[in-house]
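Novice: mind folding the following:
(2 chains)
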Amino acid sequence: MRRLRTLILAGVLGLTGAAGALAAGDAPVPPAQEWSHGGVNSPFSMFKTFDRASLQRGFQVYKEVCSACHSMDLLAYRNLEEIGFTEEEVKAIAAQYEIQDKTPNDQGELVTRPGIPADHFKNPFPNKQAAAAANNGKAPPDLSLIVKARSHHEDYIYALLTGYAEAPADHPVPEGTYYNKYFPGHAIAMAPPIYPDGITYGDGTKATVEQQAKDVTTFLAWAAEPHLESRRQTGIMVMLFLVVFAGLMYAAKRRVWADAH
Amino acid sequence: MAHAPTSSFKNPVVNWIDQRLPVFTMMQKEYGTFPTPRNFNYFWNFGALAMFVLATMIVSGVVLAMQYTAHTSLAFTSVERIMRDVNWGWMLRYIHANGASMFFIVVYIHILRGFLYGSYKKPRELLWILGVVIFLLMMATAFMGYVLPWGQMSFWGATVITNLFSAVPVVGESIVTLLWGGFSVDNPTLNRFFALHFLLPFVIFAVVFLHVAALHITGSNNPLGIEPKGPQDTLPFHPYYTTKDLFGLSLFLIFFAFFVFFAPNYLGHPDNYIPADPLVTPAHIVPEWYFLPFYGILRSITFNIGLPFSDVVLIDAKLGGVIAMFASILIWVLMPWLDRSPVKSYRFRPIYKWWVLMLVVSFAMLMYAGGKPAEQPYVLVGQVGTFLYFLFFLGLPVISSFERPLPLPASIAQPVLGGGRVGAVAAAKPMEKA
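Specialist: All right, here's what the predicted structure looks like:
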């Protein structure tokens, strides 16, 4: 249904060509999943919101798994309050990291200190070159915007995380890479990152690969579009206003034109 | 002044100002009592809508510029700071980004209106040409605006489009160096694009002023394409068309708001959420949707043009594509002279009606082909689209010469007030043709 509506929308605008081009690629189209928030690029999900428990579990997956290699430079610890962590919890999370100040102190030294909520997420590597050197010459992408920066958005990230398989005989992958059904070209440098019960969820949810992939993708979707919910809520108010306004304008126009016909 | 205007406004302050600077008299004349054909359809809303979007773009753009940093190392994060940390920044940016698409949607419909109803014809030739100038300025402004977030598509789109100028013989490379401010798309390019992106909307505003001034000399065209013969054919602009424009605007705002609040990235490209990287080329570099038809024409010239029966190349494929692309817009300027029919509206033109449909179809084909990779069958679709597009213009003098238009109504008031719909009257006429 969502796909159908999307098609109609594209057709109305005569933009099927443009949309098709974006979707084109070598990799198979990732299957559509159900998302609590409907997806960052889904036009008809105006009443949907992020699943808070899933967001917090997703942060746990990022923190314990992804953050070993992937930065999230655009996020600050204080942003975690928006997904339901308390101020105290955020302070505690930030304090787990040793942050080096960007500007020297009055002695001219670059001080390292425990993180505070205003700090941005600590990058696992001191710079891009170090990240590349530790990962076969190519730095792992920053994840702050990853959901908006890939075609098919959440569906692609979920499919990628769950799409590892044995390389088929007719498609061997080079040494140091892994076969993935949904990665363009199928040879991905990232080792399968999540395993069943690889982490233990605090809320008792069973940590299957699918559950972890779903949670971390939901978290990454929020990270890419943190104002998604307030954007949709504002939009509903704007629409209600505009529909009433259009009705009034139509009535006014009819009234004015009544004597002209 | 010898001929001071005789103002008669009730408000003494208004009167005092008006006797010294007759702005109120002018507004009353141009937007109050201004005689406007009484038979406009909703196609005639789109000029006012374009004006509204231009104002929206300038207001949202100026506020965004207060938060944006035009430097290659900061541009991307400064845009993300607007999206995340600036109060209502996400709304401002989505209004501005989608506003560009809205501007092109509105202006394409506005231009189509001109083609359908012959709004380019005498006495409105200059009005039309000023419109073409506005469209060219819009394209330049939109292109440079898309570069500013400094994402992958920003960078590579800028690289591809600026490189087009290298096809110009002799001075091409120098032009490209000048555009870049160096030897590749880099910080000087971003800086000059930001400066020009801020400047050009005000230039557009000035040309729009001339466009509207010219309109108020000739008066508006209308769906019948016959000039008003007297007061029975017109209505004062206010309140008739102010209310109609406001109703049209409110419908348009619903459409606009849908994109801003529920599908803000629908018309964008995912790659532009990846910071620009000169070392990584995206798989498919595509411009924004509103440039696709012209991009389609550019890529359709896949062959060199040379002297027959020799290897001498006069125009190589790249230069040919660039010439075709610029010609596809500049040829609009010639419309008043390419169309030799004295009749304006397509409603009374049995051949032109289909001819203009061909233009719309070719435009759609080119938009489709422009968004696809440069491979078959898309190249062929683009080439057929290009052929039909130019056939519209180059064949127009011929078809308009032998086309026999249907008889025109005696006046605007006759079909409007004489009972029955305009279409019914027009449809009933062909039998009477001499």
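Novice: point me to the residue of chain A nearest chain B.
Specialist: A:Gly235 (2.5 Å; C-beta to the nearest C-beta). Glycine gets a C-beta too; all of them are placed from N, C-alpha and C.
Novice: quick one, phi psi at that residue?
Specialist: phi -60, psi -40 (degrees, to the nearest 10).
Novice: can you give me the pLDDT of it?
Specialist: Turning to A:Gly235, the model gives it a pLDDT of 97.
Novice: my guess is it contacts B:Phe256. True?
Specialist: No: A:Gly235 is beyond contact range of B:Phe256, at 11.3 Å (criterion: C-beta atoms under 8 Å).
Novice: out of the two, which sits in the more crowded spot?
Specialist: With neighbours defined as other C-beta atoms under 10 Å in any protein chain shown, A:Gly235 and B:Phe256 compare such that B:Phe256 has more, 24 against 20.
Novice: just the closest residue of chain B to chain A, please.
Specialist: With C-beta to the nearest C-beta, the shortest gap between chain B and chain A falls at B:Phe261, namely 2.5 Å.
Novice: buried ones in the helix of greatest length in chain B?
Specialist: Identified as the longest helix of chain B according to DSSP state H is helix B:187-218. Neighbour-count burial for helix B:187-218 flags B:189-190, B:192-194, B:197-198, B:200-201, B:204, B:207-208, B:211, B:214-215 (criterion: 16 or more other C-beta atoms under 10 Å in any protein chain shown).
Novice: same question, stretch B:129-148
Specialist: Result for stretch B:129-148 [16+ other C-beta under 10 Å]: buried residues B:129-138, B:141-148.
Novice: also stretch A:178-187?
Specialist: Going by neighbour count (16+ other C-beta under 10 Å), the buried part of stretch A:178-187 is A:Tyr178, A:Tyr179, A:Asn180, A:Tyr182, A:Phe183, A:His186, A:Ala187.
Novice: would CSV of those residues with pLDDT, distance to B:Gly385 and secondary structure be doable?
Specialist: Formatted as CSV, the buried residues of stretch A:178-187 follow (pLDDT from 0 to 100; distance: C-beta to C-beta, whole Å; DSSP: H, G, I helix; E, B strand; the rest coil):
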residue, pLDDT, distance to B:Gly385, secondary structure
A:Tyr178, 94, 43, strand
A:Tyr179, 95, 41, strand
A:Asn180, 94, 38, strand
A:Tyr182, 95, 34, coil
A:Phe183, 93, 35, coil
A:His186, 92, 35, coil
A:Ala187, 92, 38, strand
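Novice: nearest to B:Gly395 among those?
Specialist: Taking C-beta to C-beta as the measure, B:Gly395 lies nearest A:Tyr182 of the buried residues of stretch A:178-187, at 49.0 Å.
Novice: quick revisit: ok, the residue of chain B closest to chain A - how many residues close by?
Specialist: Residues lying near B:Phe261 (other C-beta under 10 Å) number 23.
Novice: circling back to that earlier point, contact partners for the residue of chain A closest to chain B?
Specialist: Going by C-beta atoms under 8 Å, 6 or more residues apart in numbering or on different chains, A:Gly235 touches A:Met46, B:Ala257, B:Phe258, B:Val260, B:Phe261, B:Phe262.
Novice: return the residues in contact with B:Ile58.
Specialist: Residues counted as contacts of B:Ile58 (C-beta under 8 Å, 6+ apart) are B:Pro201, B:Phe202, B:Phe205.
Novice: give me that answer again for 6 Å
Specialist: By C-beta atoms under 6 Å, 6 or more residues apart in numbering or on different chains, the residues touching B:Ile58 are B:Pro201.
Novice: for stretch B:164-175, output the C-alpha coordinates as CSV.
Specialist: What follows is stretch B:164-175, C-alpha atoms only, in CSV (Å, rounded to 0.1, in the frame of the first residue of the first chain):
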residue,chain,number,x,y,z
LEU,B,164,30.4,22.0,-19.9
PHE,B,165,31.9,25.4,-20.5
SER,B,166,35.2,23.7,-21.4
ALA,B,167,33.5,22.7,-24.7
VAL,B,168,33.5,26.3,-25.9
PRO,B,169,36.2,26.6,-28.5
VAL,B,170,39.4,28.6,-27.7
VAL,B,171,38.2,30.3,-24.4
GLY,B,172,36.5,27.3,-22.8
GLU,B,173,39.2,26.3,-20.4
SER,B,174,39.6,29.9,-19.3
ILE,B,175,35.9,30.2,-18.6
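Novice: ok now it, how far from the chain's centre?
Specialist: Remark: stretch B:164-175 is offset 27 Å from the chain centroid, using C-alpha atoms, centre = their mean, to the nearest Å.
Novice: neighbouring contacts of it?
Specialist: By C-beta under 6 Å, 6+ apart, stretch B:164-175 touches B:Val176, B:Lys318, B:Leu319, B:Val322.
Novice: B:Leu314: which element?
Specialist: strand B:313-315 (DSSP states H and E).
Novice: contacts for that strand, please.
Specialist: With C-beta under 6 Å, 6+ apart, strand B:313-315 has contacts from B:Asn304, B:Ile305, B:Gly306.
Novice: let's see that with 7 Å instead.
Specialist: Defining contact as C-beta atoms under 7 Å, 6 or more residues apart in numbering or on different chains, one finds that strand B:313-315 is touched by B:Asn304, B:Ile305, B:Gly306, B:Leu307, B:Ile323.
Novice: grab the nearest non-local neighbour of the second one.
Specialist: By that I understand B:Ile305. Excluding its sequence neighbours, the residue lying closest to B:Ile305 (C-beta to C-beta, 6 or more residues apart in numbering or on different chains) is B:Ile315, at 4.4 Å.
Novice: what about that neighbour, how many residues close to it?
Specialist: Neighbourhood size, B:Ile315 [other C-beta under 10 Å]: 18.
Novice: same thing with the one 10 residues further on?
Specialist: Around B:Met325 there are 22 other residues, counting by other C-beta under 10 Å.
Novice: likewise for the one 5 residues further on?
Specialist: A count of nearby residues for B:Leu330, using other C-beta under 10 Å, gives 12.
Novice: pLDDT score for it?
Specialist: B:Leu330 carries a pLDDT value of 96.
Novice: just B:Pro308 next, same as before
Specialist: 80.
Novice: now do the same for it: helix, strand or coil?
Specialist: Following DSSP: H, G, I helix; E, B strand; the rest coil, the label given to B:Pro308 is coil.
Novice: let me see the contact set for the residue of chain B closest to chain A.
Specialist: So B:Phe261 contacts A:Arg231, A:Arg232, A:Thr234, A:Gly235, A:Val238 (C-beta under 7 Å, 6+ apart).
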